[in-house]
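Novice: A structural model of the following input is requested.
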Amino acid sequence: MNENKPLLKGWEVKKLGEVCEVEYGTRVVRKRDGGTIFPVYGGGGATFFMDTFNREDCLVVARFAMSEKCTRFVKGKLFLNDSGLSVKTKNDKEINQEFLNLQFLHLNDYIYSLARGAAQKNLNVPIFRKLEIHYPRSLKAQKRIVAILDKTFAEITKAEAIAKTNLQNAKELFESYLNNVFENKGDDWEEKTLGEVIEIRSGRNQKEVLNPNGKYPILGSAGKVMGYADKFLCVSGTTIIGRKGTINKPLFIKTNFWNVDTAFGLIASDKLTNEFLYYFCRSFNFKELDKGTTLPSLVKKDLIKITISFPKLKNEQKQIVQKLEQLQSQVKKLEVIYQQKIIDLSELKKSILQKAFNGEL
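Specialist: Numbers count the residues shown, from 1 in each chain. Coordinates of the predicted model:
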């Protein structure tokens, strides 16, 4: 916690309100004030653009609708909305602004703990103004800490970028192989429309079957469990895809289930294996069939016209699925490694900040 931290030798401690200027942003809305030049920030990232600015090189703290990442330093000119506030040193001969920016990054989790509210977390500003700022009395010492952190963080940022690139490459590797399977079909493949080889089972309102003690999950377009039922519409092995909402993320469901009216259940005929149908759906871009205006939507008459190519022999379909599942398993292992690397680098940043503001650098 920020309070009651022991004073380090050669360091000063003062309340935020004593040494920093805290200024609220100005309320603006996209419809009335939107433009194209300067990004608008509030409690989070940039939301839209304006043609005027009210801050430059600014330390921003979330004020309304706080998320866990509630502090950030924004370089360049920006417009600060009223859902955020800015903090700057009153006397740069006493506290270096770059040092202050890094200390706020270190204090991010503590500042978030000052949020109040259930549905929407808002900053308790009076308590925030009493936040303790710890700093070496020597500006030279502050700048030395900033230089060490800047150099270290630059290396961590490079490592994070590599890990994120590797993670994206792993995902794209599978998608590339999957697409290649269906683009380079063999001589013994046949071609049909989906309407000829599958049944499309429309979902129904869950109110008629909703039962908290039900045996079967009620699934929406993204596969989210929306309750349970005593009856089911689709059997285990059905591919589910959104009719409205999430229309491009087919899921393979390994249990009997009830699909709501925003989701289609795709059931393979005896010409296809269930798994082959699922991977075909994974390879198909359903966004091309989007008929929605405000909400992505698919219609059944378009789905049945989709052309699907497949091996005539089910054993060949099974072999293709087996290879896809093996590759997907390997890719998932790589994803876990790279995701953990990204988490570890984030924790390393926190650890180094902790050392810096404990006077250990």
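Novice: For the closest residue to L80 other than its chain neighbours, give me the pLDDT.
Specialist: Distances taken as C-beta to C-beta, 6 or more residues apart in numbering put G25 closest to L80, at 3.4 Å, once the chain neighbours are dropped. Backbone N, C-alpha and C define where each C-beta goes, glycine included. You'll see G25 listed with a pLDDT of 94.
Novice: Check the spacing between G25 and L16 real quick.
Specialist: Counting by C-beta to C-beta, to the nearest Å, the gap from G25 to L16 is 17 Å.
Novice: Which one's more surrounded, those two?
Specialist: Neighbours per residue (other C-beta atoms under 10 Å) separate G25 from L16, with G25 holding more: 24 against 19.
Novice: quick one, phi psi at the more buried one?
Specialist: Torsion angles at G25 (phi, psi; degrees, to the nearest 10) stand at phi -80, psi -180.
Novice: One more: A115?
Specialist: Torsion angles, degrees, to the nearest 10, at A115: phi -70, psi 150.
Novice: got it, and S83?
Specialist: The phi/psi pair for S83 (degrees, to the nearest 10) reads phi -80, psi 0.
Novice: ok, it - contacts?
Specialist: Counting by C-beta atoms under 8 Å, 6 or more residues apart in numbering, S83 touches 25, 42-43, 62-65.
Novice: Can you tell me the closest non-neighbouring residue to it?
Specialist: S83 sits nearest to G42 (C-beta to C-beta, 6+ apart), 3.4 Å away.
Novice: Among the contacts of S83, name the ones in strands.
Specialist: The strands, defined by DSSP state E, take in A62 from the contacts of S83.
Novice: I'd like the contacts of S83 laid out as a markdown table, including distance to Q326.
Specialist: Output for these, formatted as a markdown table (distance: C-beta to C-beta, whole Å):
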| residue | distance to Q326 |
| --- | --- |
| G25 | 53 |
| G42 | 46 |
| G43 | 45 |
| A62 | 45 |
| R63 | 50 |
| F64 | 49 |
| A65 | 44 |
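Novice: Buried only: go through the contacts of S83 for me.
Specialist: 25, 42-43, 62-65 (16 or more other C-beta atoms under 10 Å).
Novice: nearest to I352, of those residues?
Specialist: A62 (23.4 Å; C-beta to C-beta).
Novice: Residues in a beta bridge with that closest one, which ones?
Specialist: As for beta bridges, A62 partners with G84 under DSSP bridges.
Novice: so it touches G43, yeah?
Specialist: Yes. Using C-beta atoms under 8 Å, A62 makes contact with G43 at a distance of 3.1 Å.
Novice: Quickly list what's touching both of the two.
Specialist: 70, 83-84.
Novice: quick revisit: so the residue nearest to L80 sits against D82, correct?
Specialist: Yes. Taking contacts as C-beta under 8 Å, G25 lies within contact range of D82: 4.8 Å.
Novice: Need the residues touching each of these two.
Specialist: Common neighbours of G25 and D82 (C-beta under 8 Å, 6+ apart) are 42, 63.
Novice: Paired strands for the longest strand along the chain, with orientation please.
Specialist: Counting by DSSP E, the longest strand found in the chain is strand 71-80. Counting by DSSP bridges, the strands paired with strand 71-80 are strand 38-41 (parallel), strand 55-62 (antiparallel).
Novice: Give me the mean pLDDT for the first one.
Specialist: With pLDDT averaged residue by residue, strand 38-41 scores 95.
Novice: what does it contact?
Specialist: By C-beta under 8 Å, 6+ apart, strand 38-41 touches 25, 28, 30, 46-53, 58, 60, 72, 74, 77-81, 84.
Novice: swap in stretch 123-135?
Specialist: For stretch 123-135, using C-beta under 8 Å, 6+ apart, the contacting residues are 2-3, 5, 7-8, 11-17, 19-20, 22, 61-64, 66, 70, 85, 94-95, 99-100, 103, 107, 110-111, 114-116, 142, 357.
Novice: Appreciated, that's everything.
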